Structures are given as structure tokens and as C-alpha cells.
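In: all I have is the shape, not the residue letters:
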């Protein structure tokens, strides 16, 4: 499972959705953990703490770009399926 933890954006909000220990536990159970850059700073956790726990650190621009790429791929696949076309690379054909 992919687990993401964004940085809080409200003023004076210092909580973080996942501590480095929780990230380590999730990674040890086979999950892919992604933490937004500086998400834990307000709670006293550095990005390096999350990296040491096995999580990946991404900045907001990278997350947005990845999300847009996935949405574009899904739209192409939906259009292809609606037109009765073949699935794209890496996609299984439906019986």
C-alpha cells in the first residue's frame, strides 16, 4: 500500500500525520511511505528522521506532477477503453 503524509498548511498547526517511528513500522510491513518535505518539522522531526526510517521525501511540486501524470494516464486508458481500443503498455486486456 502507498501511504502519503502531507505537510499541514494551517497557521500555527504543528502536528504531523505520521511520526518517523510509525513510518518505520509501515515500511517494515511492506508499505511504500512518502512524506512531504518538512512535514514533521513543527513536531520536531527532520526529513532525515523519515529517510532513516525508510520513507521517501518529496516536495509538493513533485507530488503535483506525479498526480497529474497518473490522471492523464487514467484518462487515456478510459478513452481507449470507451473506443474499444487495446489497453496501453503494461495494462492487461479484459476478457
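Out: Sure thing, it's come through. Model, not experiment: these values are computed from the prediction.
In: residue ranges with poor pLDDT in this structure?
Out: 61-64, 67, 86-95 (pLDDT under 70).
In: now find how far off-centre the longest helix belonging to the chain is within its chain.
Out: Taking DSSP state H as the criterion, the chain has its longest helix at helix 60-82. Distance, stretch centre to chain centre, for helix 60-82: 14 Å (CA atoms, centre = their mean, to the nearest Å).
In: same thing with stretch 31-44?
Out: The answer for stretch 31-44 is 11 Å, by CA atoms, centre = their mean.
In: then stretch 75-87?
Out: How far stretch 75-87 lies from its chain's middle: 26 Å, per CA atoms, centre = their mean.
In: for stretch 6-26, same thing?
Out: Distance, centroid of stretch 6-26 to centroid of chain: 14 Å (CA atoms, centre = their mean).
In: endpoint to endpoint, it covers what distance?
Out: One end of stretch 6-26 sits 16 Å from the other (CA to CA, to the nearest Å).
In: what's in contact with it?
Out: Contact with stretch 6-26 is made by 3, 5, 33, 35-40, 42-43, 45, 49-50, 52-55, 60, 63, as judged by CB atoms under 8 Å, 6 or more residues apart in numbering. For the C-beta atoms, the positions are set from N, CA and C on the backbone; glycine is no exception.
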